[in-house]
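Trainee: With the input below, show me the fold.
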Amino acid sequence: MKILARALPALFLLAGPAARAADLPPPMADLAAKVAPAVVSIASMAPDTGESAQDDGDDDAGPSNTAATVIPPPKTVESLGSGFVFDPSGYILTNNHVVNGASNVTVTFSDGTVYPAIIAGVDADADLAVLKINAGHKLPFVPFGDSTKMRVGDWVLAVGNPFGMPGTNTAGIVSALHRQISDTKFDDFIQTDAAINKGNSGGPLFNLQGQVIGVNSAIYAPAGTSDGIGFSIPSAMAEPVAEALAHEGKMTRGWLGVATEDVSPEIQAVLKLPGTKGALVGAVSTGSPADGKLQPGDVITALGGQPITNPQELFIRTAEFQAGQGVTVAFVRDGAAQQAQIIIAAPPPAQDDSIAQKQSPPPGPVTLPAYGLGLAGKPAADGVSITSATGPAAKAGIVAGNVIQQVNGAIVATAPDVRKQVEGLGDNPAVFLISGITPDGDNPGPRWVQVKPGK
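Mentor: Numbers count the residues shown, from 1 in each chain. Okay, here's the model as predicted:
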């Protein structure tokens, strides 16, 4: 007991006033007061799409000779949510699911002022909507912040209208970033333990500077109420959508025109990359923004200054840009880091509902009789599949099922790429980087094979 008694003061000394203060949540009263005037409660009325009346089976409910039929008024469903003014001229951002199908929308400010609102535009893919009110004067508003600078553990404040209780403030931290919960087409949520409940949808998630870094949109709630797992659409996605809906009524997302895939360990070794992060370009659509700027074999590592670790991130980052915007694409080609300026365009009509960077139709199979090679039309994960190997190819140790990754030092992604690389060689041999088994059944990994055309 004496040892313990002496040890405790030492522990308290180590955890002095500065250390203890650092462990406490930051004061948020001033922040809450600062942002409150710009946060609104939203009530929307939508027609009830279910049965509006049920036959009670009573045929004697009125006089039998009544000629007129009494028609009850149509039923409506009220939805409660939250939102915030992001433009002082009267534009308010909320979730699309808060106002979806609404015929009547009203917004209520923290001082009790109520305004009718119209829906200026919606983006169902991102679950966002912009409302417009005419107040006759400039409104208090809150600015967007940079969600890409948020880190796990940063303090945040959520403000909204849960269960019809306006002006509710809850605090917490960023629990995780880049969560995908299959809720929207562009899932990239900020997860927070700040309490979010029904009615918080569309409300802002603030950083400590009073900037909106997220739009509260979903909760994980097996019990039906907050379990400390809420999800917010990051401002990196929400801000460009809000501006586009406010000024153009729609969000026209950009399109690069590249088909990409993950960087496998094998591709990493061939390209001498430091890791497997990035999006490997497999094909570039003719006439697309990327045409002439990127090529098969490039590995995209950043878009607009934001790191790209996989194709899904490229898909989401591209969705944050409007068509017509210029963007810097960082990529690795032949082991060297490079950059290109690309003007993002609207997708072709056939791809108008998606920014997926795909090319159609797929290339067909190719035969190279001089080399004894048959090549599959469908690209493999890391190159071009060999469907048959006879004559010179077989003599060189190539077997069906092998994959061609490079030809004469050039990355190939499709069968036509291989054909293009060997055209014009004449009687000169082609050098292939091959992966897969040898005729003996061994698998030594990627290997260079020289094949001289002949019979």
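Trainee: which sections of the stretch 101-250 of the chain are below the confidence cut-off?
Mentor: Low-confidence segments of the stretch 101-250 of the chain, defined by pLDDT under 70: 222-226.
Trainee: now G167: how far from T328?
Mentor: Noted for G167: a distance of 42 Å to T328, by CB to CB, to the nearest Å. In this view, the C-beta of every residue, glycine as well, is placed from N, C-alpha and C.
Trainee: Next up, the contacts around D442.
Mentor: For D442, the contact set (CB atoms under 8 Å, 6 or more residues apart in numbering) is empty.
Trainee: which one of G167 and T328 has more residues nearby?
Mentor: Counted by other CB atoms under 10 Å, G167 and T328 do not tie: G167 has more neighbours, with 15 against 12.
Trainee: Quickly note the distance from the more buried one to D193.
Mentor: For G167, the distance to D193 - CB to CB - is 21 Å.
Trainee: repeat for N200
Mentor: Distance from N200 to D193, by CB to CB: 13 Å.
Trainee: These two: which is more packed in?
Mentor: The residue with more neighbours, out of N200 and D193, is N200; 30 against 18, by other CB under 10 Å.
Trainee: residues in contact with the nearest residue to that one once chain neighbours are set aside?
Mentor: Spatial nearest neighbour of N200, excluding adjacent residues (CB to CB, 6 or more residues apart in numbering): G160 at 3.9 Å. For G160, the contacting residues are 39, 41, 81-82, 168, 196, 199-204, 216, by CB under 8 Å, 6+ apart.
Trainee: Farthest pair within those?
Mentor: S41 and I196 (15.0 Å; CB to CB).
Trainee: Which of these two has more residues huddled nearby?
Mentor: Neighbours were counted for S41 and for I196 using other CB under 10 Å; I196 has more, 30 against 24.
Trainee: Look at that one and give its secondary structure.
Mentor: Three-state assignment for I196 (DSSP: H, G, I helix; E, B strand; the rest coil): coil.
Trainee: Next one: it from D154, what distance?
Mentor: 16 Å.
Trainee: Over to P379?
Mentor: Distance from P379 to D154, by CB to CB: 41 Å.
Trainee: between these two, which one's more packed in?
Mentor: Neighbours were counted for P379 and for D154 using other CB under 10 Å; P379 has more, 23 against 15.
Trainee: So the more buried one sits against A413, correct?
Mentor: Yes. Using CB atoms under 8 Å, P379 is in contact with A413, at 5.5 Å.
Trainee: Please enumerate the shared neighbours of those two.
Mentor: G282, A283.
Trainee: Do I have it right that I316 meets I233?
Mentor: No. If you go by CB under 8 Å, I316 and I233 don't touch, sitting 11.2 Å apart.
Trainee: more neighbours, those two?
Mentor: The residue with more neighbours, out of I316 and I233, is I233; 28 against 22, by other CB under 10 Å.
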